[in-house]
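Novice: Next one to model:
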Amino acid sequence: MKRRASFLAILVFTVSVFSLPAVPQQQFRIAGVVVDSIAGAPIERAEVTVAPASNLGDASTTLSASDGQFLFVGLAPGKYRLTASRVGYTDQGLDQHEGFMTAVAVGPKLDSEHIRFRLFRESVIAGTVLDEYGEPVRHADMFLFRRGFSGGAHTTDLAGRTTADDLGLYRFPHLAPGTYFVVAYAKPWYSTGSQVVDKVRYESTHEFRRLQVISVLQASTDSDDPQPALQPEPPPPPNPLRDVVYPLAFYSNAGSLDSATPLTVSPGATVTADFSLHPVSALHLLVKAPAPPRDDAPRNTETGAAHFTTENIPLGASLQLAGIDLEQLPVRAADQMPGYFEIMNVVPGEILFRSIARNERGFSVQSTVQQVTSENRVDLSSSAVVAVSGTVNPFPRLSLEATGGVAGGQAFVSLVSADGRTTQMSQINAKGEFSLAVPAGKYTVDIAPPAFAHIASLQATGADVSANSITLSPGASVQLNARALQADATVSGIALKNGRPFAGAMIVLVPEDSTQGAALFHRDQSDSDGTFLMSPVYPGRYTLLAIENGWDLEWSKLSVLFPHLAAGTPLQVKSGANANVTAKVQ
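Specialist: Predicted coordinates:
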């Protein structure tokens, strides 16, 4: 009976437990006011959007009231991204700096109801593009660049692109305050363009065909055929009045982006930048393609590094503007000149030449940027080509996000020349192997794309190695072995000032060995509760900095951060682990 009574008691207790009503999750609010960044006046009917930081697709939007107030209710504990927009103002995130913003932390004992959201009035850059006769240039391509920060250094990056209308008018609206540059690119309407007869082709083949005709005439003296079939004469050179282009026009009347006139744009301003384009003679290029290594190159008996055969794919070329492809140039093989390519109707400036070679381990890509002004011949070949093969261990398995959506997460070994104008890239196969043919010289070695993998150390046979650089000598056969780091760690923590959580601080993770490159630096912005999260991070030794007003610092340069390092927090980041840090705001 005792056992039965005990069993019944347990049964009654179990039923009562499962029948208890569920405790509702506590709900919270986000509230604040939207104001003009300059006047401080409240902004009515601004669209304010909130979304969980872990699920940005689950967003809700409300309109600010006549006094600028906004309110979101029924929110679960967590972090939320807050953005706002209004006609006449730029779209932005809360306390946004570059791509970072302060997330709003919601939960018990957290203040999420006194937010002051400052919006900047949008500005405009506009103007007219005229030709040498003062007539409108139709459909000119207009490029807008903004001076700012990227990767912790001062940069000038593309901020917009538009096309002038039939009246030559262009307009860049909805601009945030900042420093901008404008560039125009157009073609004269009367230019013969790609339909002209290439004068380089004329000059290079005329002598060949003249000799061919002489050869035929000489052969005819020993033949019974009184009328030998003569090769036709080449067509006449193009009309110089129509064989013209407009060079890239940098406002105002500058020859490059570095010497262009900066346009300082304040909130709500309209800035005018007019252009007057003047034609110059088009360039016609005869390009000698990069020379593949010889098939009879000897094998290095000491290292076992064997030369690999290659199959060249036709040369590609494009007009460049600050690393941006403005136009793919038409490239064709030169008649009767193996290994040469012709490019017609070229605008003077920077031209990116790219060639691809296949080998048994995958494929390699060579990219070279050259400033072309008046030369009609470009030699991309090199008699001192070095065969480089090797391995990367462990093989970097990159995510689709890291490779920009490339199927299979392809990774490449990247060799960049000392002047930064030539890049050699070789695909890393599934065994971690790579092969490429490189002109002799000094290169920096890394993995591309750099987001989630990095070369930590190099060993080479047949070449000199210093840190992550390699020097290749003519005639060498090089075996290169690299140790890779995978970014798989996390650094989180809280930024405190005077013992209290601090929102909006710039958080910088500084590697112990800063010579390894900017890829090892990490940056974040503390949220409304002072917390931050950086992931993925490379394992290694770091110093963590929290700086209150650090948004104008070139944070990837050790010399700039040196005054702050002594007050930073040293930490060891282990592979696959989460390092939690309390940082003192400077």
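Novice: All the strands of the stretch 1-150 of the chain, in order from the start?
Specialist: For the stretch 1-150 of the chain, the strands defined by DSSP state E, counting those that start in this stretch occupy 28-36, 47-52, 60-63, 69-75, 78-85, 92-93, 104-106, 115-119, 123-130, 141-150.
Novice: looking at those, which is buried most?
Specialist: Of all the strands of the stretch 1-150 of the chain, strand 104-106 has the most neighbours on average by mean count of other Cβ atoms under 10 Å, namely a mean of 24. In short, each C-beta sits where N, CA and C put it, glycine included.
Novice: Can you spell out which helices and strands pack onto that strand?
Specialist: With contacts defined as 3 or more Cβ pairs under 8 Å, 6 or more residues apart in numbering; DSSP states H and E, the packing partners of strand 104-106 are strand 28-36, strand 78-85.
Novice: who wins for proximity to Arg377 among those?
Specialist: strand 78-85 (53.2 Å; Cβ to Cβ).
Novice: before we move on, back to that, which among the strands of the stretch 1-150 of the chain is found nearest to Asp524?
Specialist: Going by Cβ to Cβ, the one of the strands of the stretch 1-150 of the chain nearest Asp524 is strand 78-85, 12.6 Å.
Novice: and the angle for the closest one with strand 115-119?
Specialist: Interaxial angle of strand 78-85 relative to strand 115-119 (axes from the mean of the first three to the mean of the last three Cα atoms, to 10 degrees): 30 degrees.
Novice: Other residues contacting strand 78-85?
Specialist: Residues outside strand 78-85 that contact it (Cβ atoms under 8 Å, 6 or more residues apart in numbering) are 30, 34, 46-54, 56, 64, 91-94, 101, 103-107, 115, 117, 119, 527.
Novice: and what of stretch 560-577?
Specialist: Outside stretch 560-577, the residues touching it (Cβ under 8 Å, 6+ apart) are 486, 488-491, 508, 510, 537-545, 547, 553-555, 579, 581-584, 586.
Novice: Flag every buried residue along it.
Specialist: For stretch 560-577, burial by neighbour count (16 or more other Cβ atoms under 10 Å) applies to Leu561, His564, Gly568, Leu571, Val573.
Novice: Tell me, what's the model's pLDDT at the second one?
Specialist: This means His564. Listed pLDDT for His564 reads 93.
Novice: With the first one instead?
Specialist: Reported pLDDT at Leu561 in the predicted model: 89.
Novice: quick one: it and Ser150, what's the gap?
Specialist: To Ser150, Leu561 is 17 Å away according to Cβ to Cβ, to the nearest Å.
Novice: just the fourth one next, same as before
Specialist: Distance of Leu571 to Ser150, computed by Cβ to Cβ: 26 Å.
Novice: Three-state assignment for Ala519, please.
Specialist: In three-state terms, and counting by DSSP: H, G, I helix; E, B strand; the rest coil, Ala519 is helix.
Novice: To what extent is the residue nearest to His97 when sequence neighbours are not counted buried, counted in neighbours?
Specialist: In this structure, His97 finds its nearest non-sequential neighbour in Trp551, 4.8 Å apart by Cβ to Cβ, 6 or more residues apart in numbering. Using other Cβ atoms under 10 Å, Trp551 has 15 neighbouring residues.
Novice: which ones among the buried residues of stretch 560-577 are found in helices?
Specialist: Residues of those located in helices (DSSP state H): Leu561, His564.
Novice: And the buried residues of stretch 560-577, which is closest to Val416?
Specialist: Checking the buried residues of stretch 560-577 one by one against Val416 (Cβ to Cβ), the nearest turns out to be Leu561, at 24.3 Å.
Novice: what's the spacing between that closest one and Leu553?
Specialist: 7 Å.
Novice: Equivalent analysis for Pro177, please.
Specialist: 19 Å.
Novice: same check, this time on Gln336
Specialist: Gln336 sits at a distance of 58 Å from Leu553 (criterion: Cβ to Cβ).
Novice: Then Asn393?
Specialist: 36 Å.
Novice: Those two: who's more crowded?
Specialist: Remark: of Asn393 and Leu553, Leu553 carries more neighbours, 17 against 12, as counted by other Cβ under 10 Å.
Novice: Assess the claim that Ala418 and Pro439 are in contact.
Specialist: No - Ala418 lies out of contact with Pro439 (Cβ atoms under 8 Å); the separation is 12.0 Å.
Novice: more neighbours, those two?
Specialist: Per other Cβ under 10 Å, whichever of Ala418 and Pro439 has more neighbours is Pro439, with 21 against 12.
Novice: List the residues that contact the more buried one.
Specialist: Contacts of Pro439 by Cβ under 8 Å, 6+ apart are Ser382, Ala384, Val385, Val386, Thr422, Leu472.
Novice: give me that answer again for 6 Å
Specialist: Shown in contact with Pro439 (Cβ atoms under 6 Å, 6 or more residues apart in numbering): Ser382, Val385.
Novice: Quick one: the strands in the stretch 151-300 of the chain, in order.
Specialist: 153-163, 169-175, 178-185, 244-245, 249-250, 263-265, 270-272, 275-276, 280-281, 283-288.
Novice: Show the pLDDT at Thr128.
Specialist: For Thr128, the model assigns a pLDDT of 98.
Novice: partner residues bridging it?
Specialist: Leu169 (DSSP bridges).
Novice: gap between it and Leu158?
Specialist: 22 Å.
Novice: same check, this time on Val438
Specialist: Val438 is 30 Å from Leu158, by Cβ to Cβ.
Novice: So for the two, which residue has more residues nearby?
Specialist: Val438 (24 against 14).
Novice: How far does the host helix or strand of that one sit from its chain's centre?
Specialist: If you go by DSSP states H and E, Val438 is part of strand 433-439. Chain-centre distance of strand 433-439: 24 Å, with Cα atoms, centre = their mean, to the nearest Å.
Novice: Could you identify the helix or strand that succeeds that strand?
Specialist: strand 441-448.
Novice: Pull up the distance across stretch 255-274, start to finish.
Specialist: 16 Å (Cα to Cα, to the nearest Å).
Novice: which residues sit against it?
Specialist: 38, 120-121, 123-125, 127-128, 175, 177-182, 250-252, 254, 322.
Novice: Buried among these? Make that a PyMOL selection.
Specialist: This is how PyMOL selects the buried members of the contacts of stretch 255-274, with burial counted by 16+ other Cβ under 10 Å:
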select buried, resi 120+121+123+125+127+128+175+177+178+180+181+182+250+251+322
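Novice: in the stretch 451-586 of the chain, which spans are strands?
Specialist: Residue ranges of the strands in the stretch 451-586 of the chain, as given by DSSP E, counting those that start in this stretch, are 453-461, 464-466, 469-472, 477-486, 489-497, 500-501, 506-511, 522-525, 531-537, 540-547, 569-573, 578-584.
Novice: Distance of Leu352 relative to Thr156?
Specialist: From Leu352 to Thr156 the distance is 18 Å (Cβ to Cβ).
Novice: now swap in Val124 and tell me
Specialist: In terms of Cβ to Cβ, Val124 sits 20 Å off from Thr156.
Novice: can you check Tyr89 too?
Specialist: According to Cβ to Cβ, Tyr89 stands 25 Å off from Thr156.
Novice: Between these two, which has more neighbouring residues?
Specialist: Higher neighbour count among Tyr89 and Thr156: Tyr89, with 22 against 18, using other Cβ under 10 Å.
Novice: is it true that the more buried one touches Leu119?
Specialist: Yes - Tyr89 lies in contact with Leu119 (Cβ atoms under 6 Å); the separation is 4.3 Å.
Novice: domain assignment for this protein?
Specialist: Domains of the chain are assigned by automatic domain parsing as 28-119, 123-189+243-281, 283-486, 489-584.
Novice: Go ahead and confirm Ser318 touches Leu352.
Specialist: Yes - contact status for Ser318 versus Leu352: in contact at 5.0 Å, counting by Cβ under 6 Å.
Novice: The two - which one has more neighbours?
Specialist: Leu352 (20 against 16).
Novice: how about that one, phi and psi?
Specialist: phi -100, psi 120 (degrees, to the nearest 10).
Novice: Check it and give its pLDDT.
Specialist: Confidence score, pLDDT, at Leu352: 94.
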